[in-house]
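>>> Give me a 3D structure for the following:
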Amino acid sequence: MSDQEEGFGFAPEHDAPIPYMTRIRDYYQTLGYGAPYRWAHYAEVPFAPLKKKLAESRIGLITTAAPYQPDKGDQGPGAPYNGGAKFYRVYSGEIGRDHDLRISHIGYDRHNTVPEDLNAYFPLA
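Predicted coordinates for the structure are as follows:
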């Protein structure tokens, strides 16, 4: 790190983000899927201002969390991967109540994600 960069609080060179897109493309190529995976992205994204107040609006939140299912085994914080707890339906609920959502059904960065903190993967608070 140069003296010029020192004052900015830059992370060291070895502490770089994982190149997920490259890794996923390479993974599917290795599996024999032909052309590399192409992520959908757009040069311009249309903006549409709300027609009513946010408090009066219905919004969607996309998350990998799934509702707790007691019959599907351990799904608590720190639980091992539990593929049986996957969830394949639209989940809907009011924001004014607690939601018991869990993330044991997915592979996630268990070093940097805090499964005890619902707001880490279902940020409504």
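>>> Tell me where this protein has strands.
Counting by DSSP state E, the chain has strands at residues 66-67, 101-102.
>>> Could I get these in a markdown table, plus columns for mean pLDDT and distance to residue 116?
Backbone N, C-alpha and C define where each C-beta goes, glycine included. Output for the strands of the chain, formatted as a markdown table (pLDDT from 0 to 100; distance: least, CB to CB, whole Å):
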| stretch | mean pLDDT | distance to residue 116 |
| --- | --- | --- |
| strand 66-67 | 89 | 16 |
| strand 101-102 | 88 | 11 |
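>>> How are the helices of the chain distributed by residue range?
Assigned by DSSP state H, the helices in the chain fall at 3-6, 20-30.
>>> Could you give the average pLDDT over the shortest one?
Taken as a whole, helix 3-6 carries a mean pLDDT of 59.
>>> Can you check what pLDDT the model gives residue 72?
Note on residue 72: pLDDT of 93.
>>> pLDDT at the closest residue to it other than its chain neighbours, what is it?
Spatially, and ignoring its direct neighbours in sequence, residue 72 is nearest to residue 85 (4.3 Å; CB to CB, 6 or more residues apart in numbering). pLDDT, residue 85: 91.
>>> quick one, what contacts residue 85?
Counting by CB atoms under 8 Å, 6 or more residues apart in numbering, residue 85 touches 66, 69, 72, 73, 75, 102, 104, 105.
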